[in-house]
Structures are given as structure tokens and as C-alpha cells.
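Enquirer: Need coordinates for the below:
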Amino acid sequence: MSIRDEKESFLANVESIKAGYRSWGDVQIQEIVLRDSLPTQDVKLYQAIFAAKKSVQCILVTKQEYGSALREEVPPILDDQAQLLGVSIRIAKDAGIASVIRALNNRFAAVLPDGRCLCIGSTVDDAYIAAQLLEKTAKAWTEAKYLGGAKSINRLEAWGMQMYYQFKYAKEAKKNR
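Expert: Residues are numbered from 1 along each chain as shown. I've put the predicted structure just below:
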């Protein structure tokens, strides 16, 4: 997990979740530790995402059963996918920074070639919801392909759903907090 700080991004890692697959809700604040020993490539990637997306406050990097297995772009097949994640779920061509930034352009989740999933949000909760929705969508896509395929939502309609969510619903939810 990487969380933006006022000065610059800082990186946090929750060891207990990695080791024990615990729920995020069970994590205690003392279990979150700052990480300054991450690989330079990862640090540069997180900094580039924060620089490209000013509203993003949290980046979750996950390994998911279905999401990590995606090898092709997933069109908009679920309305909540279109609203929250974007018009499609892209697979980055490679692990390079430019490729990952392109995959996240107008999206809140993308899959890297090595199977890691990047989920971003304006809060930790938003990034976590993006991770859950990525897995739900990937599972629906995989199972639908097995059964003969999924019919996607029109891309223009999916884009409209995303714009409505971002500029109307999300702002209303923020006011009501």
C-alpha cells in the first residue's frame, strides 16, 4: 500500500495482511509500518502515479485469484465496474512506468503483466473498493467466457456512467461524510 502524505508519498506495508490474509477491518494502526527499503522501481512507479493523478491518495497493490489471471482488456460488463473502475480494465503492456500510467489513464484499476493488480482511490476505502470490484469483475468475465462470453455495456454509456459517478454521486457522498 502506498499513501500520499502532505510532503511526498510515503509507503506503508501491512505485514500481517500479507502473511495471514486477514481482513483490512481487523488491522490495528500499530501493524502499519513505513517502508523505505522498497525496490527503487516500485518507489518510482508509485511516485509517478501520484504525480499523474493528483486526486489519488492511496495505491493498493494486490494479488487476486481472478484479477491477477487477466491477460486481456476487460470491456465494461458490469454497471458498477463502469462507474467505479472505468470503461474497461486494462492490462499494462509491460511493467514500465509509462505503460502503467497509460493503463491507469481514466481508470482506477489495472493489471500488470506479472499479475499484480494496481487499485487506486482518493481514500483507502475507495482503493479497497476498487480492489474488490476488480476481483468481482474479473471473476464475472472469466466465468462468462467459460459459458460463452459476456455482452458488454456500450462504451459511451459506460463512460457516461463513470462521469456521473465521479462528478455527481461521489461529490454528494463526500459532502455527506
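Enquirer: Check whether Val87 really touches Ala158, as I assumed.
Expert: Yes: Val87 sits in contact with Ala158 when judged by C-beta atoms under 8 Å, with a separation of 4.7 Å. Backbone N, C-alpha and C define where each C-beta goes, glycine included.
Enquirer: Common neighbours of the two, please.
Expert: Pro76 (C-beta atoms under 8 Å, 6 or more residues apart in numbering).
Enquirer: What ranges does this structure have for its helices?
Expert: 15-20, 40-52, 79-84, 97-104, 124-146, 155-164, 170-175 (DSSP state H).
Enquirer: residues in contact with the spatially closest residue to Gln81 that is not a sequence neighbour?
Expert: What sits nearest to Gln81 in space, not counting adjacent residues and going by C-beta to C-beta, 6 or more residues apart in numbering, is Thr137, at 4.5 Å. Residues near Thr137 by C-beta under 8 Å, 6+ apart: Val74, Ile77, Leu78, Gln81, Leu85, Ile89.
Enquirer: Please tell me how far Thr137 sits from Leu78.
Expert: The spacing between Thr137 and Leu78, counted by C-beta to C-beta, to the nearest Å, is 6 Å.
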